[in-house]
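Engineer: Just need the structure, nothing else, for what follows:
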Amino acid sequence: MEITVQCCKQSKNDPFDDNDSENGTLLPGLPDDLAQRCLSSLSPSLLFSVCHSWRRLLYSPSFPPFFSLYALLSPLHNPTMALHREVVPQSTIVFFSFDPISSSWRPLPSPPQNPSFHLLRRHPSFLSRNLPIQSLTVSNHLIVIAATTQNLFPALSSPLVFHPESNIWFYGPQISAPRRWCAAGSAQDVVYMASGFGSHYQGDVARSLEQWDLNKKRENWGWENKAGLKDGRFSREAVEAVGCRGKLCMVNVKGNALKEGAVYNVGLDKWEDMPVGMVAGWNGPAASMDEDEIYVIDEVKGRLSKYDGEKDCWVKVIELEQLKRAEHIAAGRGKICAVSAKGERIIVVDVRDKPTRFWEVEPPCGLEVVAVHVLPRMISRQH
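Structural biologist: Residues are numbered from 1 along each chain as shown. Got it, this is the predicted structure:
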């Protein structure tokens, strides 16, 4: 997300005539390879706005990709329909990418249907509860790691993976014990899945920790057991395991409820107690920026804070009415992207700016946001 000014505007008209630069020349008098080197240092919004040939370059496979928002979305809830006896739960998750340069949403390719793909967001028997769908980004991949079926079983026996730069979906290595309501996160391009609840409670699963190393060659991918938790208290909810400076940090309950924290030291393969100040201020969704800083939103106050490890305290960045009841956040490229209450919009906060700026992005019509991520834009063969 290199550009912020246009992020919440809709592009209704081309800023240039369709006949402009139809010959496709990037810069008159220069070969295209040299011209591309010159243009690659310019702002993506400038390339998009000046002429068609520059826009085609911006979206070509050979041009360094700018970053975009990726969202898991669900159709807007209709309680009246859900109360009808004949309603059968359907797969309620779709995937879109928001291009901040053109200010437009694009659907991702359909995920593979073999085995049958079914991620349930709501069930007619639980009108007041949203079922968790856990996703994360690792090494420029979008990974869906845990969800629930209509029978309230784990939906995924293998992680579902999307790679934007090749525009394809595929499955990761098979999970030894498929689960939901787990702690999921990543550190140093390694996926971690801790605790969780399968089709029924199992103590060994609830205390387990497994890792999948994406640094390895694909043919060598697999899940590896690591040091287990001391108990199964992290199987109660779907929680974020936030990777920062070689450690995974997590709490076992969402929101402002009394909670426990745990820290996994990746290098030592050892669990540690979470610092008192860290767990005390962890009052909402959290994410790390480049695995260097942890941010959290107090979902009651709408306060975005950054953790100070030296002082063991949370430092306020900004407090906004729009951030109250935030349900999920992602961090990347200097920006915090928060899903607002009920998934009605995405609030983007640029924490690099002084004073801090923010703006809103509305989801596609008829859909609400479940989760967001920051990844390179999809490669387009035609634009």
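Engineer: So, low pLDDT: which residues of this structure?
Structural biologist: Applying pLDDT under 70 to the chain flags residues 1-24, 77-91, 115-116, 124-128, 380-383.
Engineer: And the helices in it?
Structural biologist: Assigned by DSSP state H, the chain shows helices spanning 32-39, 44-50, 52-58, 79-83, 203-206, 276-280.
Engineer: Out of those, which is closest to residue 331?
Structural biologist: Of all those, helix 276-280 sits nearest to residue 331, with 16.5 Å by CB to CB. Placement of C-beta: from N, CA and C, glycine included.
Engineer: Residues contacting the closest one, please?
Structural biologist: 249, 251, 259, 260, 261, 307, 311, 312, 313, 314 (CB atoms under 8 Å, 6 or more residues apart in numbering).
Engineer: Just send the helices of the chain back as TSV, with distance to residue 290 and mean neighbour count too.
Structural biologist: TSV is the format used below for the helices of the chain (distance: least, CB to CB, whole Å; neighbours: other CB atoms under 10 Å):
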stretch	distance to residue 290	mean neighbour count
helix 32-39	27	14
helix 44-50	20	19
helix 52-58	24	20
helix 79-83	41	10
helix 203-206	31	16
helix 276-280	19	17
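Engineer: Could you find the closest non-adjacent residue to residue 178?
Structural biologist: Excluding the flanking residues, the one nearest residue 178 by CB to CB, 6 or more residues apart in numbering is residue 154, at 3.8 Å.
Engineer: ok so, going back, is there a quick ChimeraX command that grabs whichever of the contacts of helix 276-280 are buried?
Structural biologist: Buried subset of the contacts of helix 276-280, written as a ChimeraX selection, criterion 16 or more other CB atoms under 10 Å:
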select :249,251,259,261,307,313,314
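Engineer: So residue 325 is in contact with residue 341, correct?
Structural biologist: Yes. The pair residue 325 / residue 341 is scored as a contact, 3.5 Å apart, by CB atoms under 8 Å.
Engineer: can you list the residues that contact stretch 301-319?
Structural biologist: 245, 275-278, 281, 293-298, 320-324, 326, 336, 338, 349, 351, 356, 358.
Engineer: Can you give the distance of that stretch from its chain's centre?
Structural biologist: With CA atoms, centre = their mean, to the nearest Å as the basis, stretch 301-319 stands 21 Å off its chain's centre.
Engineer: just to revisit the earlier point, a markdown table for the helices of the chain, including distance to residue 379?
Structural biologist: Formatted as a markdown table, the helices of the chain follow (distance: least, CB to CB, whole Å):
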| stretch | distance to residue 379 |
| --- | --- |
| helix 32-39 | 16 |
| helix 44-50 | 15 |
| helix 52-58 | 12 |
| helix 79-83 | 38 |
| helix 203-206 | 38 |
| helix 276-280 | 39 |
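Engineer: Can you say which of those helices is nearest to residue 237?
Structural biologist: Closest among the helices of the chain, once you apply CB to CB, is helix 203-206, at 12.3 Å.
Engineer: quick revisit: my read is that the residue nearest to residue 178 contacts residue 198, right?
Structural biologist: Yes. The criterion here is CB under 8 Å, and residue 154 meets it with residue 198 at 5.6 Å.
Engineer: who touches both of those two?
Structural biologist: Both residue 154 and residue 198 are contacted by 178, 179, 180, under the criterion CB under 8 Å, 6+ apart.
Engineer: Identify, from those residues, the entry nearest to residue 106.
Structural biologist: residue 180 (28.9 Å).
Engineer: Number of residues surrounding the closest one?
Structural biologist: For residue 180, the count of nearby residues is 24 (other CB atoms under 10 Å).
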